[in-house]
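Novice: Structure here, sequence nowhere to be found:
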């Protein structure tokens, strides 16, 4: 790691004042900006960086590494991951700089992973380092005052000449042999904690309570029953998964236990058929909010504890009992006698009334004042994105940024839907132009951070806008479709995407947009009628293209429409069956324009007002 050490030393020295420059730093003279040194960390300290792509939901949310320097292009840190033998640049890092996390743990040995050493001499040297946990600087100049000074060794990365590694089980056994407190620290940084380690730690009683609570819920739902082992049936294994649940400020919220079956040992088609996990669409959630405002009712949000236990199985499955099964059953009896459930409810109520949560939120919002300059629109009018031949910004988190914006665009911010839709088309072919366009969306979101969907109590029925921007894509000259539907004064459903085929005229592009809007109108009409809270007979669609309206109303224009895909013509059937009715609206009043193209500021905010996207400051003060 000498190269990393030299680079870090050079990085720090350029940001330190010197007498030769009259007390200024080289960085300040070169950039004319006083350097920020508040984020400096101790070289070689232990670091945990955020894992943005865990393998499954119980995987660790962080990766353990060694801090080896700073990024030259951004305010981020260079972390060496010994387990993966690679470097990572990340901003989301938590450091342990004190070096005294637990003196009984040999941190160096935990970080160095080992297979067979081909060089016995190197193995002996490493063993001496581990046993003494210190190093003597023998080759230093004898005239120096610190020539023979001893120092504590920092966590070291693997030696590149050999593939040093210890099996994970060996590492775990080594940690557990150091004592319960040592093991407790190591596993507190991981998502999953072995049950043996948890029950031998200082928090054993808390873990036992969590295990008892999980098993009690299973017994309450009659999830399984104890039977004799079948003679000719395969039994799958089972175990308890223990995790620590943390609050937003990083403090421990609770110990969590889950009883799981080793389903990976089952064979598809033999032990089980298809699997399905039902979740609500964002549009359905917005419809519920709109109906609540329309009917004057209140919305109650709650979480169903152990909801997955309420499912039923069609197959007959046999499962082995997990470890510590009897001990946990005994603990359930103790908990019931001590009325522990009422105590937990009291703690939850106290937590909900805690003012610290509000203070944390305010501190988070205050930090946004230091962000970049704001802009009034999400996309520059003079920018038209196209595919890049070379990806010259490979190190930038473009895909991650677009993914985060995509969630926001489909949840509560239709005003950025068109911009994010265009950015998402270049995930493999982007350059600095696309990166700047993505950052502009963040600057716009900072400007409109308090904007949101406000539903009001109105008598206006469901209606929608449909629009298209003809041949807007520079790569394939395809058009963009945009539609949105309004209920209770705000948008409940919207979409902005590129059309599948090339339209030969703006009329054809608008006609295909009408077709997409009709499909969504039929779905919303059925959903509202099924909920029995609104009798929607016909949905009004607003379009600013008279030619497209005529094509939908009059099917005799065969010469102009014979090349259009048949699937788009079902809009005529929906119109004849009175499922929809199409009305003309001027382009000036077309709210769906914000879903198809970049707009000047006055028109942009006029569309936002029509969609019900307003500042929430006056509603939540």
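Specialist: Nice, thanks for sending it over. Quick caveat, the model's predicted, so the values are computed rather than measured. Residues are numbered from 1 along each chain as shown.
Novice: CA atoms for contacts and neighbours, from now on please.
Specialist: Will do.
Novice: three-state assignment of residue 569?
Specialist: With DSSP: H, G, I helix; E, B strand; the rest coil as the basis, residue 569 sits in helix.
Novice: so who does it touch?
Specialist: Contacts for residue 569 were tallied using Cα atoms under 8 Å, 6 or more residues apart in numbering; they are 515, 552.
Novice: Would you quantify the distance from it to residue 425?
Specialist: Relative to residue 425, residue 569 is positioned 27 Å away (criterion: Cα to Cα, to the nearest Å).
Novice: same question, residue 216
Specialist: For residue 216, the distance to residue 425 equals 49 Å [Cα to Cα].
Novice: Compare these two and say which is more crowded by neighbours.
Specialist: Remark: of residue 216 and residue 425, residue 216 carries more neighbours, 19 against 15, as counted by other Cα atoms under 10 Å.
Novice: Does the more buried one belong to a helix, a strand or coil?
Specialist: helix.
Novice: again with residue 514
Specialist: Classification of residue 514 using three-state DSSP returns helix.
Novice: Am I right that it is in contact with residue 572?
Specialist: No: under the criterion of Cα atoms under 8 Å, residue 514 is not in contact with residue 572, lying 10.1 Å apart.
Novice: quick one: least confident helix or strand in the protein?
Specialist: The element with the least model confidence among the helices and strands of the chain, by mean pLDDT, DSSP states H and E, is helix 356-367, at a mean of 29.
Novice: and the next helix or strand after that one, what does it pack onto?
Specialist: On the C-terminal side of helix 356-367, the nearest following helix or strand under DSSP states H and E is helix 398-411. Applying 3 or more Cα pairs under 8 Å, 6 or more residues apart in numbering; DSSP states H and E, we find helix 398-411 packed against helix 282-295, helix 417-423, helix 432-447.
Novice: Tabulate those in TSV, adding columns for distance to residue 27.
Specialist: Supplementary listing: the helices and strands packed on helix 398-411 in TSV, determined by distance: least, Cα to Cα, whole Å:
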stretch	distance to residue 27
helix 282-295	48
helix 417-423	35
helix 432-447	25
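Novice: among these, which is the most enclosed?
Specialist: Counting by mean count of other Cα atoms under 10 Å, helix 417-423 has the highest mean neighbour count of the helices and strands packed on helix 398-411, with a mean of 25.
Novice: and that one, what other elements does it pack with?
Specialist: Helices and strands in packing contact with helix 417-423 are listed as helix 398-411, helix 432-447, strand 490-498; criterion 3+ Cα pairs under 8 Å, 6+ apart.
Novice: quick one: pLDDT of the closest residue to residue 204 other than its chain neighbours?
Specialist: Sequence neighbours aside, residue 198 is the residue nearest to residue 204 in space, at 5.8 Å (criterion: Cα to Cα, 6 or more residues apart in numbering). Reported pLDDT at residue 198 in the predicted model: 82.
Novice: same deal with the one 3 residues further on?
Specialist: For residue 201, the model assigns a pLDDT of 80.
Novice: tell me the phi and psi of it?
Specialist: For residue 201, the backbone dihedrals are phi -90, psi 180 (criterion: degrees, to the nearest 10).
Novice: where's it relative to residue 211, distance?
Specialist: The separation that residue 201 has from residue 211, given Cα to Cα, amounts to 15 Å.
Novice: neighbour count winner among those two?
Specialist: Looking at residue 201 and residue 211 with other Cα under 10 Å, you find the greater number of neighbours at residue 211, namely 27 against 20.
Novice: Pull out the buried residues from the helix or strand hosting that one.
Specialist: Residue 211 belongs to helix 204-220 when assigned by DSSP H and E. Judged by neighbour count (16 or more other Cα atoms under 10 Å), helix 204-220 contains these buried residues: 204, 206-216, 218.
Novice: So which elements touch that helix?
Specialist: Taking 3+ Cα pairs under 8 Å, 6+ apart as contact, the helices and strands that helix 204-220 lies on are helix 195-199, strand 252-261, helix 325-337.
Novice: Quick one: work out the angle between it and strand 252-261.
Specialist: Calculated by axes from the mean of the first three to the mean of the last three Cα atoms, to 10 degrees, helix 204-220 forms an angle of 50 degrees with strand 252-261.
Novice: Report the mean per-residue pLDDT for helix 204-220.
Specialist: pLDDT averaged over helix 204-220 equals 78, rounded to a whole number.
Novice: With stretch 377-393 instead?
Specialist: In this model, stretch 377-393 has a mean pLDDT of 79.
Novice: same thing with stretch 474-487?
Specialist: Within the predicted structure, the mean pLDDT of stretch 474-487 is 87.
Novice: on that earlier part again, quick one, which of the helices and strands packed on helix 398-411 is nearest to residue 408?
Specialist: When those are ranked by proximity to residue 408, the top entry is helix 417-423, at 8.6 Å, counting by Cα to Cα.
Novice: thinking again about what came up before, and after the helix holding residue 211, which helix or strand comes next?
Specialist: Once the chain leaves helix 204-220, the next helix or strand it forms, by DSSP H and E, is strand 235-236.
Novice: so what does that next one touch, helix or strand wise?
Specialist: Using 3+ Cα pairs under 8 Å, 6+ apart, the elements in contact with strand 235-236 are strand 318-319.
Novice: can you list contacts of the strand it packs on?
Specialist: Strand 318-319 is touched from outside by 233, 234, 235, 236, 237, 238, 261, with contacts defined as Cα under 8 Å, 6+ apart.
Novice: Whichever of the residues you listed end up buried, select them in PyMOL.
Specialist: Here is the PyMOL command that picks out the buried ones among those, judged by 16+ other Cα under 10 Å:
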select buried, resi 235+236+237+238+261
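Novice: In TSV: the contacts of strand 318-319, plus distance to residue 15 and pLDDT.
Specialist: Supplementary listing: those in TSV, determined by distance: Cα to Cα, whole Å; pLDDT from 0 to 100:
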residue	distance to residue 15	pLDDT
233	69	72
234	66	72
235	63	75
236	60	76
237	57	77
238	55	79
261	55	75
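Novice: Okay, now the unreliable bits of the stretch 1-150 of the chain?
Specialist: Judged against pLDDT under 70, the low-scoring parts of the stretch 1-150 of the chain cover residues 99-150.
Novice: Which of the helices and strands packed on helix 417-423 sits closest to residue 457?
Specialist: That would be strand 490-498 among those, by Cα to Cα, at 10.5 Å.
Novice: Tell me, domain by domain, which residues of the chain belong where.
Specialist: Residue ranges for each domain of the chain read 1-96, 190-265+314-361, 450-615, as given by the TED database.
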